[in-house]
Each structure stands twice: as structure tokens, then as C-alpha cells.
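Peer 1: Model the structure of this input:
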Amino acid sequence: MRTVGTYERKTIGIAVGAGLYWGASMLLATVWWAGSTVLDKPSFFDSFSIMVTFALICLLLACGKRFKQKRIQKILALAGIAFFCLSLLASAIAYPDFGWVLPVSLALQGCQTGCFIVFWGLGFASLNKGEAEKTVVVAALVAFAVYGLGGLIPLAAGGVVVAGIMKSLGVVPFLLGLYDMPVVDREPIPKNYALLKPFYASRVFFGASVGVVSCALTFHAPVLPEASIALCILLACTMAGIAVWCLMRQRRITSILRVAPILVIGLLMFPYALGESIPEVFSASSTIIVFLSWIMLSSVQLSDLKERVGWDEVRLSFSEKAVYSAGFLTASLATFAFCGTLDERILPDFVSHVQMIVLYGAVLVACYLMANLIERKDKTRILDTALKLSENQVKIIYDEITAEYGLTGRERDVLALLAKGYSRPLICEKLVIAESTARSHT
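Peer 2: Reported below is the predicted structural model:
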């Protein structure tokens with residue numbers, strides 16, 4: 001990457017910011033899990049912040065047209081930071097007896113999550129097809145580099161605070177104007193609306209899968225062994241090096257996306273490879289496996305689907321997040337209600353089995369959808385390349401005819417239009433020439 005132009009700035013800005021966001025989410029669900037809640041046992045409040053997140057996303061969807069403006073987009077990013085600071089302040093004031101402050105703190109955390117979910121959805125939707133794949137892969141690599149570094153710090157109760165700081169830092173490049181998130185008004189294509197049905201259905205499925213697994217973990221959360229310091233450092237350095245390589249070289253990396261869900265599993269378990277508690281690690285990582293598989297797939301799909309259905313970035317990304325959150329919330333509440341009726345003696349085994357089944361199904365679906373998407377993109381690239389080659393060959397033929405018969409530039413233009421089947425009146429209109437001139441050239 002010799003120069004840092006608009007394309008590179010946007011790729012780097014979104015990749016680093018989203019990588020911090022994803023990495024913080026991964027750490028909260030695994031390494032920092034034990035300190036991510038102030039509750040001693042599962043209760044209604046475990047789902048309270050999720051409810052607030054869903055309500056906020058629906059509210060933002062209702063006034064989505066305003067987010068076409070860069071000024072409003074910045075307000076969204078600043079709101080996420082402000083909600084984090086307020087939740088931190090509320091927790092500090094109330095600690096250690098949270099009392100009535102608990103729902104306030106959880107509501108503020110939910111608002112922070114909702115703002116950042118919507119912000120990054122819009123960010124990835126604003127990418128074009130050429131930017132999306134590279135940006136998604138680099139963001140995932142940054143996330144795993146952050147995950148490796150986080151494994152070196154047993155922050156316990158401080159995990160929520162550090163995660164909030166990381167998420168807030170992720171939007172700073174945008175606030176500094178290092179990249180934009182343009183929203184383009186397109187002409188709707190109703191005949192392609194059928195594509196939205198499987199798209200939204202898959203979002204409900206992934207939302208429900210994450211909801212079931214994450215809620216189940218509140219009833220029986222496996223205790224992670226201590227990660228290997230050497231492996232954490234190796235993971236962070238390796239991911240950072242590969243991310244830099246991807247940014248430096250303009251090469252297609254769709255092969256990585258084809259097996260992304262499988263790579264997620266291996267990378268999450270890598271820091272614990274030298275230990276003996278692989279099942280616990282696998283179980284604790286299950287939510288992130290589903291979450292990151294979905295979000296990588298979603299980020300690539302948004303850049304493609306917006307052009308095929310003719311929707312703008314705000315409408316598509318906001319509605320997708322609302323559908324996903326609805327599936328997450330519904331499944332989370334249903335799982336909470338069901339698990340609450342089970343005997344505590346069978347609960348751990350039941351939860352473990354549910355996690356494995358849901359995880360397996362979600363990873364299969366993610367692999368299938370990702371493979372289909374990449375295959376269709378490859379076919380589109382092949383057709384575009386063939387069309388370009390065909391146009392170049394036709395141009396060469398016209399140039400040879402022009403040289404051989406001594407045609408003028410305007411006569412060559414007329415020749416090209418005649419070959420395409422244009423009538424003389426259409427040639428006059430196309431080239432803005434008189435009828436007599438067109439007749440003469442013909």
C-alpha cells in the first residue's frame with residue numbers, strides 16, 4: 001500500500017474500530033466472563049440490558065432517515081461513548097450496594113450496545129463490494145489480536161469497564177474524519193425483494209442461536225483455565241502480522257471467508273491449547289463462535305444486498321439489526337423461562353448439550369451461507385471479467401478497421417453504433433450530429 005488514499009483509510013478505520021468492538025465482545029464472553037455480571041444467580045436483570053438494546057434499535061429504525069446525514073452519524077457514535085461513561089459513573093456511585101442503581105446501569109449499558117451495534121451495521125453496509133471482503137477479514141484478525149492480548153490480563157470485575165473503553169475507542173477514527181459512511185438513495189427493485197426473506201430468516205436464526213447459548217451460560221458458565229501467556233502473545237502477533245499483510249497487498253481473500261466459522265473455533269481455543277480443559281473452553285467460546293460467524297457473514301452480505309434490492313444503507317442495516325435483536329431477545333427470554341423450571345441436578349448437563357447442538361447447527365448454517373455468497377460473488381466477477389475482455393476485443397477490431405480504411409474518429413463512432421444495430425436517427429441523437437452528417441459517414 002504505497003499511498004493511503006480514501007479506500008485504504010476507510011478499510012483501516014473500519015477494520016481497526018470493528019476489530020476493537022468484536023475483540024471486546026469476545027473477551028467479555030470468555031476470558032472476562034466471571035466479572036461481567038453483578039448478579040449471584042440468574043434473574044430478570046440478565047436480560048434487561050438486552051431488552052433496552054432491542055428497544056433502542058427499534059427507535060433508531062423508526063427515525064432511520066436522519067442517519068443519512070454525517071452529523072447524525074457522529075451523534076450516534078458520541079451517544080455510545082456517553083452512555084458508557086454514564087453507566088461507569090452510576091456503577092462507581094452505587095458500588096458495592098447497587099440496589100436501585102442496577103437497572104439504571106444495565107439500561108445505560110444496553111443503550112451503549114444498541115448505539116454501537118447500529119453504528120457498525122451502518123459502517124459495513126456503507127462498504128462497496130471491493131472493500132467489504134478485505135475489511136471484514138482484517139477486522140476479524142484485529143479482533144483476535146485483541147483477544148490474544150486480553151488473555152494476558154485477568155481483569156475479572158474490570159472486564160466490563162475495559163471492554164466499554166475498547167468499544168468507545170473503536171469509533172474514534174470516524175469521529176476524527178478518517179473515513180465516511182456514505183448513504184446512497186437507490187431506486188427500489190421490488191422484483192428482488194424475495195431475496196430479503198432468506199436474509200431476514202437467517203438473521204432471526206442467528207439471533208435466536210446466540211440468545212439461547214448466552215442465556216444458557218448464565219445458568220451454567222464453564223470456568224476457563226488459565227491461558228498460556230506464550231500462546232496469547234503468539235496469537236496476537238500472528239493476527240496483527242497477517243492483518244498488515246492483507247492491508248499491504250491488494251489480493252482476494254475470499255478463501256478465508258469460506259472457512260471463517262471453522263477458523264473462529266480454532267483461534268478461540270488456541271490460547272488454551274496446552275491445557276487439559278478443552279471441553280470447557282469449547283463450551284465457553286460457543287456464543288462467540290456463533291456471534292462472530294454471523295457478524296462476518298452479515299458484513300459481507302450487506303454490501304452486496306443493498307444494490308440488488310435497491311435499498312439505502314440505513315434502511316437495510318438498521319432493519320437487519322432489529323430482526324436479529326428480536327430473535328435474540330425472544331430466544332433469550334424463552335430459554336431463561338424454560339431453564340428456570342429445570343431441576344438443578346440436571347441443569348448443567350442439559351445446558352451443555354443445548355449449547356453444543358445450537359452451536360453445531362449455527363456453524364453449519366454460517367458455512368453454507370458464506371460458501372453460497374462467495375460462490376455467487378465469484379461468478380459475478382467471472383462474468384464482469386468476460387464482459388470487459390469482450391469489450392476490449394471489440395475495441396481492437398474497430399481500431400484495426402479504422403486504421404486499414406483510414407476512417408476518421410467520428411466515422412469510427414458511427415461504425416460502432418451501426419454494429420450495435422442503431423438506426424440512423426438514433427445515431428444522430430446519440431452522437432448529436434445532423435442527419436446529413438450521419439448519412440455521409442454511413
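
Peer 1: Run through who's touching stretch 59-72.
Peer 2: The contact list for stretch 59-72 (Cβ atoms under 8 Å, 6 or more residues apart in numbering) reads 73, 76, 114, 118, 122, 180-181, 183, 185, 312, 314-315, 318-319, 321-322. For glycine as for every other residue, the C-beta is placed from the backbone atoms N, C-alpha and C.

Peer 1: Which pair of these spans the longest distance?
Peer 2: Gly114 and Asp185 (25.2 Å; Cβ to Cβ).

Peer 1: Leu342 contacts Pro348, correct?
Peer 2: No - under the criterion of Cβ atoms under 8 Å, Leu342 makes no contact with Pro348, lying 10.0 Å away.

Peer 1: Buried residues of the strand or helix carrying Cys85, list them for me.
Peer 2: Using DSSP states H and E, the element containing Cys85 is helix 70-94. Residues of helix 70-94 classed as buried: 73-74, 76-77, 79-84, 86-88, 90-91, 94 (neighbour count, 16 or more other Cβ atoms under 10 Å).

Peer 1: picking that back up, okay, Gly114 and Asp185: which has more neighbours?
Peer 2: Legend: neighbour count by other Cβ atoms under 10 Å for Gly114 and Asp185, higher for Gly114 (27 against 8).

Peer 1: residues contacting that one?
Peer 2: Taking Cβ under 8 Å, 6+ apart, we find Gly114 in contact with Val52, Thr53, Phe54, Ala55, Leu56, Ile57, Leu60.

Peer 1: which SS class is it?
Peer 2: Secondary structure state of Gly114, per DSSP: H, G, I helix; E, B strand; the rest coil, is helix.

Peer 1: separation between it and Ser214?
Peer 2: Using Cβ to Cβ, to the nearest Å, Gly114 is found at 16 Å from Ser214.

Peer 1: now do Val104
Peer 2: For Val104 relative to Ser214 (Cβ to Cβ), the value is 22 Å.

Peer 1: Show me which of the two is the more surrounded one.
Peer 2: Neighbours per residue, other Cβ under 10 Å: of Val104 and Ser214, the larger number sits with Ser214, 23 against 16.

Peer 1: Please name the residues that touch the residue most central in space within the chain.
Peer 2: Among the residues of the chain, the one closest to the centroid is Ser299, at 3.5 Å (Cα atoms, centre = their mean). Shown in contact with Ser299 (Cβ under 8 Å, 6+ apart): Ala18, Phe124, Leu127, Ala132, Thr135, Val136, Ala139.

Peer 1: please redo it, this time with the cut-off set to 6 Å
Peer 2: Residues near Ser299 by Cβ atoms under 6 Å, 6 or more residues apart in numbering: Phe124, Val136.

Peer 1: Same question for whichever strand or helix holds it: list its buried residues.
Peer 2: Ser299 belongs to helix 286-309 when elements are defined using DSSP H and E. Across helix 286-309, burial judged by 16+ other Cβ under 10 Å covers 286-306, 309.

Peer 1: What mean pLDDT does the next helix-or-strand element following it get?
Peer 2: Counting by DSSP H and E, the next helix or strand C-terminal to helix 286-309 is helix 313-339. What helix 313-339 shows for mean pLDDT is 88.

Peer 1: for helix 313-339, packing partners?
Peer 2: On a contact count with 3 or more Cβ pairs under 6 Å, 6 or more residues apart in numbering; DSSP states H and E, helix 313-339 meets helix 48-62, helix 101-125, helix 196-219.
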